[in-house]
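Peer 1: predicted model follows, preceded by the sequence.
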Amino acid sequence: MGKIDTPHSQTDLTWDYSDPVNGPTIPAPYFYDPQIFAEEKERIFMHCWHLVGHVNEFNEPGNYVVQDIFEQSVVVTSDKEGEIHAWHNVCRHRGNRLMTERRGKVGGVLRCQYHSWCYNLDGGLRAAPRTEHLCNFSKADHSLKKVRMEIFAGWVFITLDDNAQPVSEMAAGSEEIMRRFLPDMDNVELVEETDVIVDANWKVIQENSIEGYHFDLSGPVHKDLAALIDFKGYTLTSYDKWWTYIGPPNKDATHAYGEPLEGATWQTDWFFNIGLWPNTTFYSFPYTDMIGTFIMIPLTPEKSLLRFGYYAPRGRPVPKVTKAAIKWMNTQLGPEDIELNVTNQKGLHSIGFGSGRYLIDDNLPNQSEHLVYNFHKLCYQAIKE
């Protein structure tokens, strides 16, 4: 028998994206090839902005959040003056990881559990046992290494690239739209954070979230979501390195997430989503008093960590409908999407696929896959051009 050529062996992984309507989708190996994944790691995630959390998570001295980026780890802290700082999460003595929990609060110092080197909340080395016996040792030379941080629209972002374009420039115009649909954005606090491991490439998960084609065609939970919005008015808009997908409310809806809407309160009745390159999404479900964050964190070519954050206004009880929406996302919509992600990932290996077609049709704007095409193009340009 002759050798069977796989799609990967038949192509050099170049992609002609000049004709999104009639041309092919990005080649399947971009979703599982180890070399492609290594290039994404180096050329996308070592240079992009990563969402850490909301500024209100740092409203007390000693509050910290740890953000891992592959083998790198960053700790973001707030000091006694209310300033927020980001540092490489590693002791300057022998390289021990300082903070091991995702988030928490320390009294006044970040302490290395190995040899008890202690750092002030502003990153300076406060104490290093027995170093007084060393020649030419200066605490000032052993402060924590700073990581670039920016606050955008009330959210804390970090990057490992000192030359990265500022978030405010990359996402110019997005804050105005966010504040239009998320009026409580400055006054929220974290209610819940859920991490889920999914056996799929991070791009498979992203592309699933930025198209409406499957909403009323896939599982029953998606049909329930589509029923809460005026699906004919669903719009998907690309702004290069950020994008929105927004659905107006179905004014005839009487229940949502199994709860009656009569007497309920919410910050928006729209289905609002805004994505920032490459893997951060802010959203609000219809009829909820909640801001959700959705981050697709790559772990391996075919494994991702999905981080769901749920933020609600401070000082107010979380409304019943909002609580139901969080539970609905964790137990119904999320799992239904994840099943699609996993089966999609498996199918991409088939020698019967290779690449497909985008559904881009001006007559079906609410179901068009133009955001998927734009996202694929950004990924391809970042690693190949």
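Peer 2: Nice, thanks for sending it over.

Peer 1: can you pull the contacts of residue 147?
Peer 2: For residue 147, the contact set (C-beta atoms under 8 Å, 6 or more residues apart in numbering) comprises 74, 86-88, 158-160. Placement of C-beta: from N, CA and C, glycine included.

Peer 1: for these, which one is nearest residue 13?
Peer 2: residue 160 (25.9 Å; C-beta to C-beta).

Peer 1: the closest one and residue 174, how far apart?
Peer 2: Relative to residue 174, residue 160 is positioned 22 Å away (C-beta to C-beta, to the nearest Å).

Peer 1: so which elements touch the helix-or-strand element of the chain with minimal mean pLDDT?
Peer 2: Least confident element among the helices and strands of the chain, by mean pLDDT, DSSP states H and E: helix 220-227 (a mean of 91). In terms of contacts (3 or more C-beta pairs under 8 Å, 6 or more residues apart in numbering; DSSP states H and E), helix 220-227 is packed against helix 334-347.

Peer 1: for the helix it packs on, packing partners?
Peer 2: Counting contacts by 3+ C-beta pairs under 8 Å, 6+ apart, helix 334-347 packs against strand 188-198, helix 202-209, helix 220-227, strand 303-313.

Peer 1: next, name the residue at the spatial heart of this protein.
Peer 2: residue 295 (2.1 Å; C-alpha atoms, centre = their mean).

Peer 1: got the contact list for that residue?
Peer 2: Counting by C-beta under 8 Å, 6+ apart, residue 295 has contacts 51, 279-281, 306-307, 309.

Peer 1: what comes into contact with stretch 47-59?
Peer 2: By C-beta under 8 Å, 6+ apart, stretch 47-59 touches 63, 65, 67, 69, 74, 76-78, 82, 84, 86, 103, 150-151, 154-161, 164, 167, 170, 187-190, 276-280, 293, 295, 309, 311, 314.

Peer 1: pull out the buried positions in stretch 81-99.
Peer 2: By 16 or more other C-beta atoms under 10 Å, the buried positions in stretch 81-99 come out as 84-93, 98-99.

Peer 1: show me the two of those that sit farthest apart.
Peer 2: Top of the distance list for the buried residues of stretch 81-99 (C-beta to C-beta): 84 and 93, 24.9 Å.

Peer 1: which pLDDT does the model give the closest residue in space to residue 358 that isn't next to it in sequence?
Peer 2: Excluding the flanking residues, the one nearest residue 358 by C-beta to C-beta, 6 or more residues apart in numbering is residue 369, at 4.6 Å. Residue 369 carries a pLDDT value of 95.

Peer 1: what do you get for residue 2?
Peer 2: 46.

Peer 1: ok, now the one 5 residues further on?
Peer 2: Among the per-residue scores, residue 7 holds a pLDDT of 46.

Peer 1: which ones are touching residue 261?
Peer 2: 253-255, 287, 321 are the contacts of residue 261 under C-beta under 8 Å, 6+ apart.

Peer 1: span of stretch 271-281 from start to end?
Peer 2: End-to-end distance for stretch 271-281, by C-alpha to C-alpha, to the nearest Å: 13 Å.

Peer 1: check stretch 280-295 too.
Peer 2: Taking C-alpha to C-alpha as the measure, stretch 280-295 stretches 5 Å from start to finish.

Peer 1: swap in stretch 137-155?
Peer 2: End-to-end distance of stretch 137-155 (C-alpha to C-alpha): 38 Å.

Peer 1: any buried residues in that stretch, and which?
Peer 2: Buried, per 16+ other C-beta under 10 Å, within stretch 137-155: 142-144, 147-149, 152-155.

Peer 1: just stretch 22-30 next, same as before
Peer 2: Judged by neighbour count (16+ other C-beta under 10 Å), stretch 22-30 contains these buried residues: 25-30.
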